[in-house]
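# Predicted model, plus sequence, below.
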Amino acid sequence: MRTVVGRTDAVVVVGAGLGGLSAALHLAGAGRHVTVLEREAVPGGRCGLIRDHGYHFDTGPTVLTMPDLLAAPLNAVGQDLPDWLTLHRLDPAYRARFADGSTIDVRAGVDAMADEIAATCGSRDADGYRRLVTYLRRLYEIEMPHFIDRNLDSPLQLAGMPLARLVAMGAFRRLGPKLASFVRDERLRRLFSFQAMYAGLAPAQALAIYAVITYMDTVAGVYFPEGGMHAMPRALAGAAARAGVQIRYGTRVARIEVSGGRASAVLTAAGERIPADVVVVNADLPTAYAELLPPGYTPRRARRLRYSPSAVVLHAGSSASFPAAAHHVIEFGAAWDRTFAEIIDRGELMSDPSFLLTTPTLTDPSLAPPERHLYCALFPAPNLAPRRGRPIDWERERGRYRDRIVAMLEARGCPGFGDGIECEHLVTPADWRAAGLAAGAPFAASHRFGQTGPFRPATLDRRVENLVFTGSNTQPGVGVPMVLVSGRLAAQRVTGAGPARAPGRMGP
Ligand SMILES: Cc1cc2nc3c(=O)[nH]c(=O)nc-3n(C[C@H](O)[C@H](O)[C@H](O)COP(=O)(O)OP(=O)(O)OC[C@H]3O[C@@H](n4cnc5c(N)ncnc54)[C@H](O)[C@@H]3O)c2cc1C
């Protein structure tokens, strides 16, 4: 593994997203002097917070998986997750509603889920599900240490037994047929393959290796922190401050100064120069290369990235409640392959939408005023760099699409949704781009094979020997668990330390 050359005592981290905070904690735990510069007034980046009329809207992730990965950066500074966060395991993790009116709950625990499948799809698929769980667990056990929780500089590092075992498991064949060898009901196949979308892939095109996300999502458990998802970065930032990390909010970095092949300092928008032995960048990687570094530094791999679909998100604070609600409801439209072709291949809005509706107040009512609910409707949408055609003009489309989202919610289990809204915030791909996310893609570069593992931009730049990256557009990839890992991988580039995780109590 390549590591930073030269002095590494003083580290400046650009951005207090989950990746930047994770890196800061691991580095502080290894004795580095760490300063985090964050342009916003709060930590969390995409895992942010909007406060409005007594409602606390989480702006980003709603699904927390693999909480031990959240414990790791805290353990690195000798602190424990339960001292900072109270996590609740959601049961059901999801309620899936299908176009034929049927529902299947993703239950917490393999036995409960097998019972649910037996009741909704029959005992044969329940048995198949148990075999699927064994398969997914093995995938996870191989992929996590060898391919995910590891800095990869070359594909040659992958050669060996773990790769051979994955090949033998059929993990490099298509996900769809692999799933079909375990469960027959079409609804289950959707339920265990839609997670490919989290990696920016159509389930029909994804390889079975990506079913590791299905493991995290449907087997290992989905959690929710008391106080909402934004409580996570607040906890990490609190622990970092206690460990001596200096976090400066409202401080936008305008440029990274490079001389003699080293990053020597960062320059803030206010004109301050902060010298650094190492610069760790948590700002979105392609944007950071384009806007913070001198011209000509963007590596070819970062220039050619293809991005995951984007999303339109409607946050609503409301007086309405709906009897069939669950914390997470996935509404599957009748269309399936066509939906992915529309948003990924053709750059069009979904004609028969599938979407995620989250009602966090069912778990933590304190996030809204009494007798009120928070709703977050996430509709996948094309990013702003479509393979075909022109990007959607969100200036023109946003009002129309907002009304479509409300109409769709009213037609699919939430009658009167529009009338109940007391305050709302709509976020479109244009807003993600304005926040500095390349291609308006909040889910980063897709995880197509050529952009995964050693083929994804590395956490250490090749030309600037002390410039390190963390976050969703570097290794290992997108999502809360992955960016927390990427913070550790970034710290490892600085310290050279191996992948050992400090012992500590794990929550929840
Ligand atoms: C709507 C939505 C839903 C999601 N749902 C899920 C989910 O359910 N589960 C899941 O696991 N993942 C989900 N994700 C993905 C997950 O949120 C992201 O992968 C992760 O939060 C990204 O973290 P990051 O550290 O890479 O980047 P960011 O969170 O973007 O952090 C980067 C930080 O850098 C700061 N910054 C940028 N430029 C500068 C500058 N010039 N100077 C100073 N600071 C700067 C930013 O303000 C920000 O704080 C979702 C994302 C979104 C947007």
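Cool, the structure landed.
# Which parts of the stretch 1-150 of the chain are helices?
For the stretch 1-150 of the chain, the helices defined by DSSP state H, counting those that start in this stretch cover 18-29, 68-76, 81-84, 110-121, 123-143.
# Correction: the previous question concerned the stretch 351-500 of the chain.
394-411, 417-420, 429-434, 480-495.
# from the chain's centre, how far out does the longest one sit?
The reference is to helix 394-411. With Cα atoms, centre = their mean, to the nearest Å as the basis, helix 394-411 stands 25 Å off its chain's centre.
# The shortest one too?
On the basis of Cα atoms, centre = their mean, helix 417-420 is displaced by 29 Å from the centre of the chain it belongs to.
# Just the residues contacting that helix, thanks.
Residues from elsewhere that reach helix 417-420 (Cβ atoms under 8 Å, 6 or more residues apart in numbering): 316, 318-320, 375, 406-407, 409-410. Quick note: C-beta positions are derived from backbone N, CA and C, even for glycine.
# most tightly surrounded among the helices of the stretch 351-500 of the chain?
Here the criterion is mean neighbour count by mean count of other Cβ atoms under 10 Å, and of the helices of the stretch 351-500 of the chain the winner is helix 480-495, at a mean of 27.
# surely residue 414 meets residue 355?
No - using Cβ atoms under 8 Å, residue 414 makes no contact with residue 355, being 11.5 Å away.
# where does the residue sitting furthest away from the middle of the chain sit relative to residue 6, distance-wise?
The centre of the chain is farthest from one residue, residue 260, which by Cα atoms, centre = their mean lies 35.2 Å away. Distance, residue 260 to residue 6, using Cβ to Cβ, to the nearest Å: 10 Å.
# Kindly report the same for residue 277.
The gap separating residue 277 from residue 6 is 7 Å, by Cβ to Cβ.
# got a pLDDT number for residue 402?
Looking at residue 402, its pLDDT is 98.
# Would you enumerate the residues in contact with the residue lying closest to it once chain neighbours are set aside?
Spatially, and ignoring its direct neighbours in sequence, residue 402 is nearest to residue 426 (5.1 Å; Cβ to Cβ, 6 or more residues apart in numbering). In this structure, residue 426 makes contact with 312-315, 398, 402, judged by Cβ under 8 Å, 6+ apart.
# what residues does the stretch 151-300 of the chain put near the ligand?
252-253, 282-283 (Cβ under 6 Å from any ligand atom).
# how about 8 Å then?
Residues of the stretch 151-300 of the chain found near the ligand (Cβ under 8 Å from any ligand atom) are 198, 229, 251-254, 268-269, 282-284, 287-288, 291-292.
# Buried ones from these, can you make that a PyMOL selection?
The buried subset of these, as determined by 16 or more other Cβ atoms under 10 Å, is captured in PyMOL by this line:
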select buried, resi 198+229+251+253+268+282+283+284+287+288+292
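# now, the most widely separated pair of the residues of the stretch 151-300 of the chain next to the ligand?
198 and 268 (34.2 Å; Cβ to Cβ).
# Any regions of this protein where pLDDT drops low?
Counting by pLDDT under 70, the ranges of the chain that qualify are 498-508.
# Mind splitting the protein into its structural domains?
Here the domain assignment for the chain is 10-87+227-305+445-495, 110-220, 308-439, based on automatic domain parsing.
# Highest mean neighbour count out of those?
Stretch with highest mean neighbour count among the domains of the chain: domain 10-87+227-305+445-495 (a mean of 22; mean count of other Cβ under 10 Å).
# Which neighbours do residue 277 and residue 6 have in common?
Common neighbours of residue 277 and residue 6 (criterion: Cβ under 8 Å, 6+ apart): residue 466.
# Relative to the ligand, which of the helices of the stretch 351-500 of the chain is closest?
Each of the helices of the stretch 351-500 of the chain was scored for nearness to the ligand using Cβ to the nearest ligand atom, and the closest is helix 480-495 (3.4 Å).
# The closest one - contacts with which helices or strands?
Using 3 or more Cβ pairs under 8 Å, 6 or more residues apart in numbering; DSSP states H and E, the elements in contact with helix 480-495 are helix 18-29, strand 64-65, helix 68-76, strand 278-281, strand 467-469.
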